[in-house]
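Q: For reference, the sequence and a predicted model appear below.
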Amino acid sequence: MPKGGWVRRYCDLYTPLSEAPAEAHLATSLAVLSAAIGWRAYIRWGESSEPCNLFVMLEGGSATAKKTTTARTGSGLVRHAMKGLPSDADPCLQVRSISHTSRRGLIELVGTADEAKAKAWDVSPPPGLLLDWDEFGAILGRPGDVKGSDYLGQIRATLMELYGGRHGGIQTGELKFRASRCAVSVLATMTRQELEQRVSTGLLRGGFLGRFVMIPHPGRRAYLAGPPAWTSR
């Protein structure tokens, strides 16, 4: 836990107001912050560059760990931060709450059919996107299951693309989403039982789950007797 700064203030604010432990709020704050930074900071590997984004997975017991509530706190903050923008302005930070999608759905979320805008994102930072992904276990599939493996594999492959800061584009009917840079951070939730059931050797060896920072937390550290008093601050 940082001794100071924005992440520490976030955790100090929300930990007393929820039943989730501080490490869950720490993970959420890092996902939010990485989405806000996106391509505004990047790491160069030889001739390649990757944006400052994180894929975070909150792992804990169903109902007791308050994973979804904790994630919604972070995504709600992003939504409030973008309120008040002019209707014709492009938000520099966005959030999407999803539980299932496809390769096409992901590209449509992060890309644009505007050719000029896609080209501009290759030279200036594209908007940051936080994917608030509840019940992420469904994307991993069940070890040994063949049904739907190609569909799930395409989603995982697309997420691997997005992690590197680019997407390959897609043709959807008359609309063409040109390949371009993107800044995507994932804030996912998953139960320990699903993790044990669904994680296969292939997902580990293939590097997919190596893209995620997994934050396990056992559950409630404190119970709130009543709803906290929220202020505008």
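A: On my side now, so go ahead.

Q: what bits of this structure have low per-residue confidence?
A: Along the chain, segments meeting pLDDT under 70 span 146-147, 219-222, 224, 227.

Q: Centre-most residue in it?
A: The centre of the chain sits closest to Val186, judged by Cα atoms, centre = their mean, with a distance of 1.3 Å.

Q: For that residue, which non-adjacent residue is spatially closest?
A: Phe55 (4.3 Å; Cβ to Cβ, 6 or more residues apart in numbering). C-betas here are computed from N, CA, C, even on glycine.

Q: Do a quick rundown of the strands in the protein.
A: 38-45, 48-52, 55-59, 93-98, 128-133, 166-167, 170-172, 175-177, 180-181, 183-190, 212-216 (DSSP state E).

Q: Of all those, which one is nearest Gly202?
A: strand 212-216 (15.3 Å; Cβ to Cβ).

Q: ok, the closest one: who's next to it in the sheet?
A: strand 55-59 (parallel) (DSSP bridges).

Q: Export only the CA atoms of the strand it pairs with, formatted as PDB.
A: Only the C-alpha atoms of strand 55-59 are listed here, as PDB (Å, rounded to 0.1, in the frame of the first residue of the first chain):
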ATOM      1  CA  PHE A  55      -5.700  -6.300 -16.300                       C
ATOM      2  CA  VAL A  56      -6.800  -6.800 -12.700                       C
ATOM      3  CA  MET A  57      -8.800  -9.800 -11.400                       C
ATOM      4  CA  LEU A  58     -10.500  -9.600  -8.000                       C
ATOM      5  CA  GLU A  59     -10.800 -13.200  -6.700                       C
END
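
Q: what's the angle from that strand to strand 183-190?
A: If you take axes from the mean of the first three to the mean of the last three Cα atoms, to 10 degrees, strand 55-59 sits at 10 degrees to strand 183-190.

Q: Run through who's touching strand 55-59.
A: 24, 27-28, 30-31, 65, 67, 70-71, 136, 159, 163, 185-192, 195, 211-217 (Cβ atoms under 8 Å, 6 or more residues apart in numbering).

Q: Filter the residues you listed down to the buried ones.
A: If you count burial by 16 or more other Cβ atoms under 10 Å, the buried members of these come out as 24, 27-28, 30-31, 65, 67, 70-71, 136, 159, 163, 185-191, 195, 211-212, 215, 217.

Q: tell me how far stretch 174-191 is from the chain's mean position?
A: 9 Å (Cα atoms, centre = their mean, to the nearest Å).

Q: what about that stretch, how long is it end to end?
A: End-to-end distance of stretch 174-191: 40 Å, with Cα to Cα, to the nearest Å as the criterion.

Q: go on, stretch 186-197?
A: Across stretch 186-197, first to last residue, Cα to Cα, it's 22 Å.

Q: Please list the outside residues in contact with it.
A: With contacts defined as Cβ under 8 Å, 6+ apart, stretch 186-197 is touched by 27-28, 31-32, 54-62, 67-68, 71, 74-75, 130-137, 140, 142-143, 159, 212, 216.
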